[in-house]
Structure formats: C-alpha cells, structure tokens
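Enquirer: Kindly generate the corresponding structure for this input.
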Amino acid sequence: MRKRTLPNGMVAVVLLLAAALTPTPAVAAAAPPTVGAGAVMPHLTALQEIADRNGGTRAAGTSGYTESVRYVKGVLDRAGFRTRIDEFVYVDEKGVRHTSQNVIADWPGGDDNDVVMVGAHLDSVPAGPGINDNGSGAAAVLATAEAVARAHLVSRRHLRFAWWGAEELGELGSAAYLEHLPSRQRKAIGAYLNFDMTGIDTTGMWLVVDTGDGLAKGFYDYFAAHDIPTWDIGVGSSDHVSFAERGIPVSGFTTGIDACYHLACDRLENISPTVQTTSTNAIIYALWGLSDGKRS
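Expert: As a prediction, the model looks like this:
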C-alpha cells in the first residue's frame, strides 16, 4: 500500500485540534507549608529589643510603636509585598488629638473583588513591651505573610495583611481603616481573620472565634489533626469586632490571658516557642484553605 502524507498546513491544523480537545488536568492546590520556631521567634525577639530601646513599651504614640511599624514594613518590603503605612487620627480622653499608624500589605494577584484579610494589633499597653499582647499575634501574622512569599502563592482570592495601631485604646486602627475604605473595597472583603495573644498556654486549648458561618473550619481542622482541644468564644473582643460590626465574616483565635497581661513582665520569656509556632502553622493552614491557592 502506498504511504500517504498530509500537507504541512493540514498537519498543523490536526495538531491544534488535538491539543484543543485534550482535557487539561486539574491542578491540585499544594499542601500548606509548615514553619518552625526559627521563622517566628526572631520577630518576637526584634519586638522585645525595640521595647527595650524605647522605655520598655511599644504603646501607640510612642517611639517604640513607631519603630515597630518600621520593622514590620521592612520585613514585608523585602518579601515582595505592596506595603503602605496608613496614618489615622484619634482623640484621647482628654480631648488631645494623636496620630497613629496601621501597616497594610497586599500580596500581588488574586481577585480584588474577593479579599481575605489577616490581621493583628501591633501596639502594646504603656506598662510593658506587650510580647504576648500582642507581639505574638503580630509575629505570627508576619511569619504567615513570609510563608506566602516563600511559596510564591498563587491565590484565587486577593490576600491582604494588616497590623493595627491603637487597639489597646479601643480597636481604633481597624475602625479607622474601615471607616476610610471606599464602600466598594469594604464590600470586597469576604473574610477577616484576627489574632490577639497567640504565644502562651494557660488554658490548655486554643480559643477560636466562631460566629457560625463556617469560617473557623480551617482552625478546627488543623487543631483536630494535631489532637489539640479548642473552645469557641463567639465574637469576643479585639480588632475583628470592627469588621463584624460591618457585616464582614470574621474568625481567628487566641491562647488567652496570663498573669503578665498588660504588665511589664509580658516579655519574650513569657512566650512558649512551641505554642507560638503551633499558632503560626494553624494560621498558615487556614489561610491556604481560604485562598484556594497553589504554588507557582
């Protein structure tokens, strides 16, 4: 039988049709990474050193808080985030106007109309360095942001991280952020996760903010997989209240209050590296699930 060949042009058409008709395999989302104490404890050490250089505190309106803002922004800038400092004005109980700052960091990519936010307050009380309250939450969120950057996470949803000012004065930083955010951008926030005091273990369990909308599932799944008990605390208090009051779904967790709460002894030695690392990995796990992300 005589061998027949197709003209070159027709061969190209056949190959294109075959490629178009071949199903594209689904890309499975990569498993969330995990980090060790070396990824998060250096941030707490840095915050302790900042307090030590600035009169033992990182409270809003002090040089210790200003230096804390610079530190967090520097880490995020090096990691490749689009980072900005948002200033806001508040009035104290004596009627005096003050200026404080939030740090806002956006991970490039994702749907700007479907935003997942992760946040923690960065300020301490005037009485101490606030390493558990809330250097721990701030460091856990910072280490989570670095994990996103190291993984080059490709997220369907847009990821935004925040470090709030003046929480100890009444969630002022998060409230100011939402108040000045254009309505369209505020409505685009589909989830907010908040972390306030994540480094000590006084309860034997993690206390999870659960409003019944399913947003806390990632935390429950992570802790159950590691045989860690949890307790649901409803909305509770902290910066997630600012979001919940505007109808934005919220979750997060805390490890609770200890004997050094709001005192000068809330220092680095007050933190359990094991608890702090567990908290950070729980945040990473939940965020990966919410992002519908994969590694690039």
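
Enquirer: CA atoms for contacts and neighbours, from now on please.
Expert: OK.

Enquirer: where does this structure dip in pLDDT?
Expert: 1-29, 293-296 (pLDDT under 70).

Enquirer: Next, the residue most central in space within the chain: secondary structure please.
Expert: The chain has residue 118 as the residue nearest its centroid, 3.1 Å off, counting by CA atoms, centre = their mean. When classified by DSSP: H, G, I helix; E, B strand; the rest coil, residue 118 comes out as strand.

Enquirer: Break down the stretch 51-200 of the chain into its strands, ranges please.
Expert: 82-91, 97-107, 111-121, 153-154, 157-164, 189-195 (DSSP state E, counting those that start in this stretch).

Enquirer: Please list the residues outside the first one that contact it.
Expert: If I follow you right, that is strand 82-91. Contacts to strand 82-91, defined as CA atoms under 8 Å, 6 or more residues apart in numbering, come from residues 73, 76-77, 97-108, 172-173, 176-177.

Enquirer: Need the buried ones from the residues you listed selected in PyMOL.
Expert: The PyMOL command for the buried members of these (criterion: 16 or more other CA atoms under 10 Å) is given here:
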select buried, resi 73+76+100+101+102+103+104+105+106+107+108+172+173+176+177
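
Enquirer: Nearest to residue 65, out of the strands of the stretch 51-200 of the chain?
Expert: Closest approach to residue 65 among the strands of the stretch 51-200 of the chain is made by strand 97-107 (8.7 Å; CA to CA).

Enquirer: The closest one vs strand 82-91, what angle?
Expert: Here strand 97-107 points in a direction 160 degrees away from that of strand 82-91 (axes from the mean of the first three to the mean of the last three CA atoms, to 10 degrees).

Enquirer: How about residue 199, nearest residue that isn't a chain neighbour?
Expert: Nearest in space to residue 199, with sequence neighbours left out and distances taken as CA to CA, 6 or more residues apart in numbering, is residue 276 at 4.3 Å.

Enquirer: And for that neighbour, the neighbour number?
Expert: Using other CA atoms under 10 Å, residue 276 has 27 neighbouring residues.

Enquirer: Can you tell me the element it falls in?
Expert: Assigned by DSSP states H and E, residue 276 falls within helix 273-291.

Enquirer: Can you tell me what sits against that helix?
Expert: 32-37, 40-41, 116, 136, 140-141, 143-144, 147, 155-159, 198-201, 217-219, 222-223.

Enquirer: The same query, at a cut-off of 6 Å, please.
Expert: Residues from elsewhere that reach helix 273-291 (CA atoms under 6 Å, 6 or more residues apart in numbering): 32, 34, 37, 140, 144, 155, 157, 198, 199, 218, 219, 222.

Enquirer: hmm, back to that, can you tell me which of the strands of the stretch 51-200 of the chain is most buried?
Expert: strand 157-164 (a mean of 25; mean count of other CA atoms under 10 Å).

Enquirer: Turn the contacts of helix 273-291 into TSV, including distance to residue 47.
Expert: Converted to TSV, the contacts of helix 273-291 look like this (distance: CA to CA, whole Å):
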residue	distance to residue 47
32	27
34	23
37	15
140	12
144	17
155	30
157	31
198	15
199	14
218	28
219	26
222	28
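
Enquirer: nearest to residue 231, of those?
Expert: Closest to residue 231, out of all of those and judged by CA to CA, is residue 219, at 11.1 Å.

Enquirer: need the next SSE after the helix or strand hosting that closest one, C-terminal direction.
Expert: Per DSSP H and E, residue 219 falls inside helix 217-225. Following helix 217-225 in sequence order, the next helix or strand is strand 230-232 (DSSP H and E).

Enquirer: Show me what the helix or strand following that next one is in contact with.
Expert: Remark: after strand 230-232, the chain's next helix or strand is helix 240-244, criterion DSSP H and E. Applying CA under 6 Å, 6+ apart, the contact partners of helix 240-244 are 175, 194.

Enquirer: can we see that at 10 Å?
Expert: Under the criterion CA atoms under 10 Å, 6 or more residues apart in numbering, residues 118-120, 170-179, 186, 189, 191-196, 209, 211, 235, 247-252 lie in contact with helix 240-244.

Enquirer: residues in contact with the nearest residue to residue 164 once chain neighbours are set aside?
Expert: Leaving aside its sequence neighbours, residue 164 sits nearest to residue 121 (CA to CA, 6+ apart; 4.3 Å). Residues near residue 121 by CA under 10 Å, 6+ apart: 102-103, 133-138, 141, 162-168, 171, 173-174, 194-197, 238-239.

Enquirer: Could you rerun that using 7 Å?
Expert: 134, 138, 163, 164, 165, 167 (CA atoms under 7 Å, 6 or more residues apart in numbering).

Enquirer: Please identify which pair of those residues lies farthest apart.
Expert: 138 and 167 (12.2 Å).
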